[in-house]
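Participant: Next come a sequence and a model predicted from it.
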Amino acid sequence: MSRYWSDIVHRLVPYVPGEQPALAKPVKLNTNENPYPPSPRVLEAIHAELGEHAESLRRYPDPVSKRLRAVVAAHHGLNADQVFVGNGSDEVLAHAFQALLKHDLPILFPDITYSFYPTYARLYDVQYRTVPLDDAFAIRIEDYAQPNGGVIFPNPNAPTGHALPLAQIEKLVAANTESAVVIDEAYVDFGAESAIALIDRYPNLLVVHTTSKSRSLAGMRVGFAFGHPDLIDALNRVKDSFNSYPLDRLAQAAAAAAYEDTEWLHTTSARVMASRQRLTAALAELGFDVVPSAANFVFARHPSHDAAAISAKLREQEIFVRHFNAPRVNQHLRISIGTDAECEKLVDALKGIVK
Ligand SMILES: *Cc1c(COP(=O)(O)O)cnc(C)c1O
């Protein structure tokens, strides 16, 4: 603390990211990174930026990522003016809070959800009200039928992995025409339905994507928003009042190459989903209750072992999972899907802990 701090800094409750341990080979199942590398085409694109195009590094990158937006728009069957690009989807979400969710009424999001939402709300002075998930950790769309300044949640939700069918999302978006609905689809490629299909019909819908999870590019920081051009315009107005060049040249080239290799996406996502099924069965065999997941992680609790204690014992064996010390979920662990070898190490370690 310092007397030089602004009032807002005194009031902030910063998001705490998962640990990045400085170990040679940790079993790192705590931040939902992809266990597989990005497409080889991504590496080729980065090499080209550093080789034949290296001379252009002295120049600023394209401020609006025109080529990347065209590639991604084509991939999703959209127009480029329906696409916004940011430095990771966290930045895209932050801009959405300022550009679309800051109004006189409180915004709504689930009580158990991505913990960055309340952080952004405090940073930008956005009022919010949390809406409890049901006992099976599902979002009940009916509960959002109340006056609001906007609605935001992930689908699949984090950290539960629970996904809502597209028909439920459409019901919410159709009933909530007075404010924006933001669907954060960070994990959609691991088995949920995307609301991008609704964009042409609902001018209040913003869908947010990231290359960090299913496209194995967490290290490049590239995220997107898809929506009506007026919503995209609002995000661009905030961006150009904040940082005109959010994406460097390497990130723009890498992300475009990732979207040009859909086969890689499908192959690696299918492997993650198959591993998820095996890990879910192995955890159930050890007595864990596992929430059915449509994401690249599972959310599980053991009825007779404390979650924080399990996490600490795993850590001693250099196995990292995520524990949230929060109401309703402090007996759960969020476990990212690793390679099959990593999942086996986890299950072996858990056998020693819970048996
Ligand atoms: C990982 C995650 C993000 C952030 O992704 P970045 O693009 O890496 O900033 C956003 N929303 C949810 C729900 C996530 O889990």
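Facilitator: Sure, I can see it. Given the structure is predicted, the values throughout are model-derived calculations rather than measurements.
Participant: C-alpha from now on. contacts and neighbour counts both.
Facilitator: Will do.
Participant: Close to the ligand: what parts of the stretch 1-150 of the chain are there?
Facilitator: Residues of the stretch 1-150 of the chain lying close to the ligand (C-alpha under 6 Å from any ligand atom) are 88-90, 114.
Participant: quick one, domains of the protein?
Facilitator: Using automatic domain parsing, the domain ranges for the chain come out as 20-37+263-354, 40-260.
Participant: Now do the first one: distance to the chain's middle.
Facilitator: For domain 20-37+263-354, the separation from the chain centroid amounts to 17 Å (computed by C-alpha atoms, centre = their mean, to the nearest Å).
Participant: how far does that domain stretch from start to finish?
Facilitator: 26 Å (C-alpha to C-alpha, to the nearest Å).
Participant: Show the end-to-end separation of stretch 129-141, please.
Facilitator: Stretch 129-141 end-to-end distance (C-alpha to C-alpha) = 15 Å.
Participant: in the stretch 201-350 of the chain, what residue is nearest the ligand?
Facilitator: Minimum separation of the stretch 201-350 of the chain from the ligand (C-alpha to the nearest ligand atom) falls at Thr210, amounting to 4.3 Å.
Participant: end-to-end on stretch 226-246?
Facilitator: End-to-end distance for stretch 226-246, by C-alpha to C-alpha: 17 Å.
Participant: List the buried residues for that stretch?
Facilitator: For stretch 226-246, a neighbour-count test (16 or more other C-alpha atoms under 10 Å) marks 226-229, 231-236, 238-239, 244-246 as buried.
Participant: how about the helices in this protein?
Facilitator: For the chain, the helices defined by DSSP state H cover 7-11, 40-50, 66-76, 88-100, 116-123, 166-175, 229-239, 249-259, 262-285, 307-316, 340-354.
Participant: And the contacts of the first one?
Facilitator: Spelled out, that is helix 7-11. 1, 122-123 (C-alpha atoms under 8 Å, 6 or more residues apart in numbering).
Participant: will you turn the residues you listed into JSON lines that also has neighbour count?
Facilitator: Compiled in JSON lines, the contacts of helix 7-11 are given as follows (neighbours: other C-alpha atoms under 10 Å):
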{"residue": "Met1", "neighbour count": "6"}
{"residue": "Arg122", "neighbour count": "17"}
{"residue": "Leu123", "neighbour count": "18"}
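Participant: All set, thanks.
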